[in-house]
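Undergrad: could you look at this predicted model? Sequence included:
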Amino acid sequence: MPEASSQPASGTTAAEPRVLSGIQPTADSFHLGNYLGALRQWVAMQDTHEAFYCVVDLHAITIEHDPALLRRRTKVAAAQLFAMGLDPDRAHVFVQSHVPEHAELAWILGCLTGFGEAGRMTQFKDKSSKQGTSGTSVGLFTYPILQAADILLYTPDPASGRPLRVPVGEDQRQHLELTRTLAGRFNHRFGETFTLPDAHIPEGAAKITDLQEPGAKMSKSASSPQGIIDVLEEPGPMRKKIMRAVTDTGSEVVYDEEKKAGVTNLLRIFSALEGTSVPDLEARYQGSGYGQFKKDLAQVVLDTFTPIRERTLKLLDDEEHLDRLLAQGAERASEVAVRTMETVRERVGFVVRGR
Ligand code: TYM
């Protein structure tokens, strides 16, 4: 297969590993779970990887949506990514629908996916059981196959030995497994084409839970407003939500997943944001009760998100500039995606279009 990356991003070398990830523009703001489970890693990995990050608007229409809202949320999503520290000179940030090869590869991979195999995806089962059969689209069913296409389009040449890494939260593990299975199946049938991607799931922050229901994932679609901390939230409500987070009986700040799920979630958040180990935090708050602990945590969250919020609003003030950054990202993503698809079409047996 021709090397899909003839021109590495500025500051990267051809031997550098690649990273690809995506996030849905399905809310007015990203949340703390997105940030700790995935986005923080996106920013860190741009320094050591050739980086491709997309706002997955095709995935966002697998549930009923409002077109004007989708357009707005896609821009707000992109602005937050840059505001968090993604540097357009180091990371290729783009909108998924700007690179139509995503949908084309998804079709081909879909033809290699068993119906039962797709039906076993737990996210699909959860979402479709909530919406009922009539409210569940075929797009929601094939969602993980589109995700596999997102990832595999950016495959390095398997002969190069360059890894392909995918930073995600714990809830995406099964989709990554499916992606590896489909890549292996394609390679087996049509010849070595795809590097098998590796999930990059952070320890400790891979599943941030709802502040009001510490047994459930913090989620844009399922959490109540009191259970979720939005990156773009105003400081006052943000502080209040943390102070009102469900803690457990007793008053000791100790890590215990079973008996103290609420405090354990807050400890994980604190530890990940401040870079202090959980045992050190337990020692710091020994005997001081939940109040001081939550107050300090609220400050750490505010210190992290306030500058991001301010930069996001500034970026949204100049939409033309934002559009140019996204066009630049899509251009480089397209170069890689087009080459991968040329190889894929040839391997699958499609006739090359004559001139
Ligand atoms: P999405 O948009 O639901 O979430 C974006 C990222 O945030 C992570 N995440 C969490 N991590 C920890 N705790 C939480 N409570 C939490 N909630 C969300 C998710 O794991 C994810 O990494 N299917 C993907 C989008 C996608 C994608 C891709 C990802 C489309 N194509 C290609 C990687 C590669 C999704 O639904 O993300």
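TA: Sure thing, it's come through.
Undergrad: any idea how far Glu63 lies from the ligand?
TA: Glu isn't right for residue 63; it's Ile. 11 Å (C-beta to the nearest ligand atom, to the nearest Å). Every C-beta, even on glycine, is put in place using the N, C-alpha and C of the backbone.
Undergrad: could you do Asn265 as well?
TA: Distance of Asn265 to the ligand, computed by C-beta to the nearest ligand atom: 10 Å.
Undergrad: Lys194 belongs to a helix?
TA: Rather than Lys, residue 194 is Phe. No. Residue state for Phe194 (DSSP: H, G, I helix; E, B strand; the rest coil) corresponds to coil; a helix is not indicated.
Undergrad: which pLDDT value goes with it?
TA: Here, the pLDDT recorded for Phe194 equals 98.
Undergrad: lowest average confidence, helix or strand, in this structure?
TA: In the chain, the helix or strand scored least confidently by mean pLDDT, DSSP states H and E is helix 122-135, which has a mean of 85.
Undergrad: helices or strands next to the very next helix or strand once past it in the packing?
TA: Past helix 122-135, further along toward the C-terminus, the next helix or strand under DSSP states H and E is helix 138-152. In terms of contacts (3 or more C-beta pairs under 8 Å, 6 or more residues apart in numbering; DSSP states H and E), helix 138-152 is packed against strand 18-23, helix 57-60, helix 101-110, helix 115-119, helix 122-135, helix 173-190.
Undergrad: the closest residue to the ligand within the chain: what's it in contact with?
TA: For the chain, the residue positioned closest to the ligand under C-beta to the nearest ligand atom is Gly37, at a distance of 1.9 Å. Gly37 makes contact with Val168, Gly169, Glu170, Asp171, Pro202, Ala205, Ala206, Lys207, Ile208, according to C-beta atoms under 8 Å, 6 or more residues apart in numbering.
Undergrad: that older thread, which of the helices and strands packed on helix 138-152 sits most buried?
TA: Counting by mean count of other C-beta atoms under 10 Å, strand 18-23 has the highest mean neighbour count of the helices and strands packed on helix 138-152, with a mean of 24.
Undergrad: other SSEs contacting it?
TA: When contacts are defined as 3+ C-beta pairs under 8 Å, 6+ apart, strand 18-23 sits against helix 40-45, strand 50-55, helix 138-152, strand 164-167.
Undergrad: can you name every helix or strand that the least confident helix or strand of the chain contacts?
TA: Identification of packing neighbours for helix 122-135 by 3+ C-beta pairs under 8 Å, 6+ apart yields helix 138-152, helix 173-190.
Undergrad: what about the first one, average pLDDT?
TA: Taken as a whole, helix 138-152 has a mean pLDDT of 97.
Undergrad: list the buried residues in that helix.
TA: Buried residues in helix 138-152, defined by neighbour count with 16 or more other C-beta atoms under 10 Å: 140-152.
Undergrad: which of those residues come close to the ligand?
TA: For the ligand, the contacts drawn from those by C-beta under 6 Å from any ligand atom are Gln147, Asp150, Ile151.
Undergrad: please look at the last one and Ala199 and confirm they touch.
TA: No. In this structure, Ile151 sits apart from Ala199 without contact. The criterion is C-beta atoms under 8 Å, and the distance is 9.9 Å.
Undergrad: on that earlier part again, who's in contact with the least confident helix or strand of the chain?
TA: Helix 122-135 is contacted from outside by 63-64, 118-119, 136, 140-141, 143-144, 171, 174-175, 221, using C-beta under 8 Å, 6+ apart.
Undergrad: recalculate using a threshold of 10 Å.
TA: Helix 122-135 is contacted from outside by 62-64, 118-119, 121, 136-137, 140-144, 147, 171-175, 217, 219, 221-222, using C-beta atoms under 10 Å, 6 or more residues apart in numbering.
Undergrad: coming back round to it: out of the helices and strands packed on strand 18-23, which is closest to Asn265?
TA: Closest of the helices and strands packed on strand 18-23 to Asn265 is helix 40-45, at 16.8 Å (criterion: C-beta to C-beta).
Undergrad: and the closest one, what does it pack onto?
TA: Counting contacts by 3 or more C-beta pairs under 10 Å, 6 or more residues apart in numbering; DSSP states H and E, helix 40-45 packs against strand 18-23, strand 50-55, strand 91-95, strand 164-167, strand 198-200.
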